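In: just need the structure, nothing else, for what follows:
(one chain, ligands or ions: 2)
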Amino acid sequence: MVQIHSSLLFICKFFQKHNTLSLIHPIYQGMTASKILLLIIDGLGDRPCDCLGGKTPLQAAQIPNLDELAKTGTCGIMDPIAPGIRAGSDTSHLSLLGYPPQQYYTGRGPFEAIGCGIQMESGMIGFRANYATIDEAGNVIDRRAGRISDTTEISAAISDNVDLSKYGVTIQFKRGIGHRAALALRGEGLSAAVSSNDPNTTGLPPKVIYPESEDTPSAKFTAEICNEFCRQTTKILKDHPFNLARKAAGLNPANIVLIRGSGVMGVYEPFEERYELSGSVVATAALIAGIGSSVGLRHVPVRLDTSLAEQVALVRQELATRDFVLFNIKNIDEYGHDGNIMEKKEFLEKIDKELLPLMEIPELMIAVCGDHSTPCTLKEHSADPVPLIIHGDGARIDYVSSYDEISCATGALCRIRGGDLMPILLDLINKTHKYGT
Ligand code: ZN
Ligand code: ZN
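Out: Numbers count the residues shown, from 1 in each chain. Ligands and ions are numbered 1, 2, ... in the order given. So this is what the prediction gives:
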């Protein structure tokens, strides 16, 4: 029975492979893919959900195009860093790009800073920042400052007016998307070992920043500078005309900046030198754009409100001239964090529809995966491995016929680590060198 079943599957696979009417681009016999698309659906993986009859959102979703890609490609599951490690988006993306986070990761701040357009140089300290609202008593009452959408004016005011010259330090401060922003410090004797002023809740005042993990003179010095930055920004923002106008309109003013995620800018071997491939990153999230830029990928600017169809068009455009594109689709992770099971499932179906133009590109090796699991039941990242498809000429075709966490676990790639992905893809496009004779 098992044998009959396997034979039938093989015959099905044969026809799928040679079916030129297939929606997916047929595999060209004898050709070798020359370009790589690494499609990362952020927070893709999940756990069984009761409301889906014990299925994951990906298992429950109607995703014919991704299923077709799985049918005509090779599948597996992947631990972004290692089994049991709950990856952040930043450490995972580094790992998937072949830069071991254990060696390269220095904190989220520098990536956010680059993603917001700050020119980070080795040794600078970067922070994530966000605007919030404090009341008259000095307590944080809104950690997103009324979901403010445009902070260009006040961000410029901070950048132009904060003066830390008495410490021999200069700052760069840039707005990000919505209430987000980034800060970078440049100067001698700085350390990233400092805490955050974010109380992480409402009803409490911002915290004093102190040296963290190492009580060195440079950490004390940097903590003092950060506290001075916060004092000056609060003063600048308090009666800024922009905030007075917001108050008059009944909106929460953006009258404090919370900073966190400090990290020193590291040194990265450029992607192009490491792999002999030109590359780009298409991502709405500043963090991912920053990671891509750090390793030397060209950042294609994408606004948060750019539709998925437009993002796909940008990816196609980049692939016309570049050898490698990292494309990160963000929304899925947020549904996981919010515990929105049905929204996660429905957005996966939307992604499936919109991806078709990417699947029709010839000579392309596509890898589809998540950067980690964000189970809706957990509302946080988990270490559950993510499903992976590798599709393109030369990639073996296994018996997996649907794209989900469980089916992919039976695929030919078995279970790999994130650090294995680039070597496998490079080999499939004939960019690896023989080890030995
Ligand atoms: Zn992520
Ligand atoms: Zn997340």
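In: what's the helix or strand for the most centrally placed residue in the chain?
Out: With distances taken as Cα atoms, centre = their mean, I288 lies nearest the centre of the chain, 4.1 Å away. In this assignment (DSSP states H and E), I288 forms part of helix 286-294.
In: in the helix or strand just after that helix, which residues are buried?
Out: Next helix or strand after helix 286-294 toward the C-terminus (DSSP H and E): strand 298-300. Residues of strand 298-300 classed as buried by neighbour count (16 or more other Cβ atoms under 10 Å): 298-300. Every C-beta, even on glycine, is put in place using the N, C-alpha and C of the backbone.
In: show me the contact partners of strand 298-300.
Out: Here strand 298-300 makes contact (Cβ atoms under 8 Å, 6 or more residues apart in numbering) with 115, 278-282, 289, 292-293, 314, 318, 322.
In: just send those residues back as JSON lines, with distance to K330 too.
Out: Formatted as JSON lines, these follow (distance: Cβ to Cβ, whole Å):
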{"residue": "G115", "distance to K330": "12"}
{"residue": "S278", "distance to K330": "24"}
{"residue": "G279", "distance to K330": "19"}
{"residue": "S280", "distance to K330": "17"}
{"residue": "V281", "distance to K330": "13"}
{"residue": "V282", "distance to K330": "11"}
{"residue": "A289", "distance to K330": "11"}
{"residue": "G292", "distance to K330": "13"}
{"residue": "S293", "distance to K330": "17"}
{"residue": "L314", "distance to K330": "14"}
{"residue": "E318", "distance to K330": "18"}
{"residue": "R322", "distance to K330": "21"}
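In: so C49 makes contact with Q59?
Out: No: counting by Cβ atoms under 8 Å, C49 does not reach Q59; the two are 9.2 Å apart.
In: please name the nearest non-neighbouring residue to the closest residue to ligand 1 within the chain.
Out: Nearest residue of the chain to ligand 1: S89, at 3.0 Å (Cβ to the ion). Leaving aside its sequence neighbours, S89 sits nearest to D371 (Cβ to Cβ, 6 or more residues apart in numbering; 5.4 Å).
In: what sits against that neighbour?
Out: Neighbouring residues of D371 by Cβ under 8 Å, 6+ apart: 40, 42-44, 80, 87, 89, 92-93, 96, 328, 386.
In: just the ones of the contacts of strand 298-300 in helices?
Out: Taking DSSP state H, the ones among those that sit in helices are 115, 289, 292-293, 314, 318.
In: show me the two of those that sit farthest apart.
Out: Between any two of those, the greatest separation by Cβ to Cβ is 17.4 Å, found for G115 and E318.
In: give me the more crowded residue out of these two.
Out: Ranked by neighbour count (other Cβ atoms under 10 Å), G115 and E318 place G115 first, with 28 against 23.
In: I figured the more buried one hits L297, correct?
Out: No: in this structure, G115 is not within contact of L297 by Cβ under 8 Å, at 11.9 Å.
In: joint contacts of the two?
Out: In contact with both G115 and L297: no residue, using Cβ under 8 Å, 6+ apart.
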